[in-house]
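Novice: How does the following fold in three dimensions:
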Amino acid sequence: MNTAVAEKKPRLTTSAMIASIASEGQKVVAAPFGKALVELADNRPEIVGLTADLGKYTDMHLFAQAYPERFFQMGMAEQLLMAAAGGMAKEGLMPFATTYAVFGTRRAYDFIHQVIAEENLNVKMCCALPGLTTGYGPSHQATEDIAMMRGIPGLTIIDPCDALDIQQAVPQMATHNGPVYMRLLRGSVPMVLDEIEGYKFELGKAKMLREGADVLVISSGIMTMRALEVATDLAKDNVGVAVLHCPTIKPLDEASIIAAVRKQHRLVVVAENHSVIGGLGEAVSRMADAHISGLAVINSHHRLVGVLSSQDILAAEGTPDAAPESAAVVAPDAPASFI
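Specialist: Numbers count the residues shown, from 1 in each chain. Presented below is the predicted three-dimensional model:
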């Protein structure tokens, strides 16, 4: 596995596009998605690659270079991208379609729903710049993509943490028969989970990355990386933080989440790179409301559920652009829906 170290870069003070979420000196892997897809396609001739004029910015350019006869540049037309992918899947191909998450979900939603998901076609959608991983502002920040995609029947949703998650998710996406939506980290992607002994990505499974008696953080995507950093820092103050990583948002691994919450009385926090509406936090809340009595009540005898949203990432990073939704913590008289 070829890894590198993130280069020192000036802090961006404008809305210039952020190509990498890696911190200075952090171990990174270049284009893990593109490389994993090229390797997989060597033994899977039915795999084709499509993009909506964003090959270089979704790492699909590596597939285009390796298999030019199996690559299709659809131009700036996301509806066409998804419709064509659905048609190819009907003919027995396995399309991997890439674009930015905002364009793939907002502009092409009806085509994903009607053409792909309703017919359970074997299309793999890999969409970059999820949540607040770009400084372009709200026009490019997919802070509600998971909420939109969770409502589509039969669609599997993946929110990977790092390069390892992506490398291991790609072949499992191909093995899974049906449509998949994966939030894509591109460029120089941090490598974090290789330091967790025995960790492997498993589609549909949540994984406990570390235990802690005081706080349980249920997280997905890049917020798992942040949660691990926080856990390390709080350990210096003798605060034990457990981190439960949920790379598969749908279907959600309810059994693992319920077991982790019921294990002991501790603060429970949901951290996600997404609006507080319709994402992992709301999914956990709905599940908890059905299966875990008292989870949404704050007092000395019950647990607390909070949600860290995209707004919190902005506050932590000092970025002026604000997401549409703020963080929410359940108050004693608040409903468990986090709305």
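Novice: where does the stretch 151-300 of the chain dip in pLDDT?
Specialist: Regions of the stretch 151-300 of the chain meeting the criterion pLDDT under 70 cover residues 293-300.
Novice: those helices in it, which residues are they?
Specialist: Counting by DSSP state H, counting those that start in this stretch, one finds helices in the stretch 151-300 of the chain at the ranges 163-175, 222-235, 254-262, 280-291.
Novice: any chance of those in JSON lines, with distance to residue 112 and mean neighbour count too?
Specialist: For glycine as for every other residue, the C-beta is placed from the backbone atoms N, C-alpha and C. Formatted as JSON lines, the helices of the stretch 151-300 of the chain follow (distance: least, C-beta to C-beta, whole Å; neighbours: other C-beta atoms under 10 Å):
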{"stretch": "helix 163-175", "distance to residue 112": "15", "mean neighbour count": "22"}
{"stretch": "helix 222-235", "distance to residue 112": "23", "mean neighbour count": "20"}
{"stretch": "helix 254-262", "distance to residue 112": "25", "mean neighbour count": "17"}
{"stretch": "helix 280-291", "distance to residue 112": "19", "mean neighbour count": "21"}
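Novice: Relative to residue 106, which of these is closest?
Specialist: Closest to residue 106 of those is helix 280-291 (C-beta to C-beta; 19.2 Å).
Novice: just so I know, which of the helices of the stretch 151-300 of the chain lies nearest residue 157?
Specialist: Minimum separation from residue 157 across the helices of the stretch 151-300 of the chain (C-beta to C-beta) falls at helix 280-291, 9.7 Å.
Novice: which strands and helices sit next to that closest one?
Specialist: Under the contact criterion of 3 or more C-beta pairs under 8 Å, 6 or more residues apart in numbering; DSSP states H and E, helix 280-291 touches helix 145-150, strand 215-219, strand 248-250, helix 254-262, strand 267-271, strand 305-308.
Novice: one more time with 10 Å, if that's ok
Specialist: helix 145-150, strand 215-219, strand 248-250, helix 254-262, strand 267-271, strand 305-308, strand 328-329 (3 or more C-beta pairs under 10 Å, 6 or more residues apart in numbering; DSSP states H and E).
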